[in-house]
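A.B. asks: Got a sequence here, can you build the structure:
(2 chains)
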Amino acid sequence: NAGVTQTPKFQVLKTGQSMTLQCAQDMNHEYMSWYRQDPGMGLRLIHYSVGAGITDQGEVPNGYNVSRSTTEDFPLRLLSAAPSQTSVYFCASRKGLYSYEQYFGPGTRLTVT
Amino acid sequence: KQEVTQIPAALSVPEGENLVLNCSFTDSAIYNLQWFRQDPGKGLTSLLLIQSSQREQTSGRLNASLDKSSGRSTLYIAASQPGDSATYLCAVLSSNTGKLIFGQGTTLQVKP
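C.D. replies: Just a heads-up that it's a prediction; the model follows:
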């Protein structure tokens, strides 16, 4: 199993540009989520999904969109990038909403200038 | 609202020392607690998962304990090595929301 994969690893955007961060898992996990990690702020939940076709907001959802058309994929879209979205983004998955071990992807380092 | 605190924020020890990292949480309504390791510029690697009904879990030189009633967990690292240098994060899975709540982490440096 590849586990949780993310692309790209690094990205530089100009303010106002849009892009999609890709996330995929091959463990048939129902639950997937996106976090951002910032110095001094820890890991904060952006959006999550409990299964294909079902998504919900986390702690810091503004400026981001998600969709879940398949069990395997959970892309994160930045609609109009802002410097405040400069961060490291992690995708994670686990088997179900309650209980089970959570696995993380390697992260995407995003800089918005 | 569940809050997770890790103390100390940073720790430096000589190689070979046994050490304890602390994690506390405010709400005992949890399904499990997970300890992660994060190397600089890398993702999170799961170290140990303790279910709410368990008291401890062991993996090699690592031992994690859980006292749900007092809202505390410890990660014990035996005979520390320079390769153990990393940031260690604990996270609790809330049984109210299904969300994994993270502490800020403890950055460990083991000096040769």
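A.B. asks: What is the neighbour count of residue A:25?
C.D. replies: 23 (other Cβ atoms under 10 Å in any protein chain shown). For glycine as for every other residue, the C-beta is placed from the backbone atoms N, C-alpha and C.
A.B. asks: give the contact list for the closest residue to it other than its chain neighbours.
C.D. replies: Leaving aside its sequence neighbours, residue A:25 sits nearest to residue A:93 (Cβ to Cβ, 6 or more residues apart in numbering or on different chains; 4.4 Å). Remark: with contacts taken as Cβ atoms under 8 Å, 6 or more residues apart in numbering or on different chains, residue A:93 is in contact with A:4, A:25, A:27, A:29, A:31, A:32, A:33, A:74, A:102, A:103.
A.B. asks: Restricted to strands, list those residues.
C.D. replies: Taking DSSP state E, the ones among these that sit in strands are A:4, A:25, A:31, A:32, A:33, A:103.
A.B. asks: mind listing what the host helix or strand of the residue nearest to residue A:25 pairs with, with the direction of each?
C.D. replies: Using DSSP states H and E, residue A:93 sits within strand A:87-94. With DSSP bridges as the test, strand A:87-94 is paired with strand A:31-38 (antiparallel), strand A:103-104 (antiparallel), strand A:108-112 (antiparallel).
A.B. asks: Return the closest of the ones in strands among the contacts of residue A:93 with respect to chain B.
C.D. replies: residue A:103 (6.6 Å; Cβ to the nearest Cβ).
A.B. asks: count of neighbours near the closest one?
C.D. replies: If we define neighbours as other Cβ under 10 Å, then residue A:103 has 20 of them.
A.B. asks: Let me know the pLDDT of it.
C.D. replies: We have a pLDDT of 93 for residue A:103.
A.B. asks: quick one, what contacts residue A:105?
C.D. replies: Neighbours of residue A:105 in contact, by Cβ under 8 Å, 6+ apart: A:3, A:4, A:5, A:6, A:23, A:90, A:91, A:92, B:43.
A.B. asks: Got the phi and psi for it?
C.D. replies: phi -80, psi 180 (degrees, to the nearest 10).
A.B. asks: Let me know the secondary structure of residue A:84.
C.D. replies: Assigned state for residue A:84: helix (three-state reduction, DSSP: H, G, I helix; E, B strand; the rest coil).
A.B. asks: Most neighbours among the contacts of residue A:105, which one?
C.D. replies: Ranked by neighbours (other Cβ under 10 Å), the contacts of residue A:105 are led by residue A:91, which has 27 neighbours.
A.B. asks: For that one, list each beta-bridge partner.
C.D. replies: residue A:34.
A.B. asks: ditto for residue A:57
C.D. replies: residue A:47.
A.B. asks: I'd like to know how many residues surround it.
C.D. replies: Other residues close to residue A:57 by other Cβ under 10 Å number 13.
A.B. asks: my guess is it contacts residue A:34, does it?
C.D. replies: No. Using Cβ atoms under 8 Å, residue A:57 is not in contact with residue A:34; the gap is 10.8 Å.
A.B. asks: any residues in contact with both of these two?
C.D. replies: residue A:47.
A.B. asks: Residue A:35: how many residues sit nearby?
C.D. replies: 25.
A.B. asks: where does chain A dip in pLDDT?
C.D. replies: A:99 (pLDDT under 70).
A.B. asks: got the contact list for the residue positioned nearest the centre of it?
C.D. replies: Chain A has residue A:34 as the residue nearest its centroid, 2.9 Å off, counting by Cα atoms, centre = their mean. Residues near residue A:34 by Cβ under 8 Å, 6+ apart: A:21, A:23, A:45-48, A:58, A:64, A:66, A:74, A:76, A:89-92.
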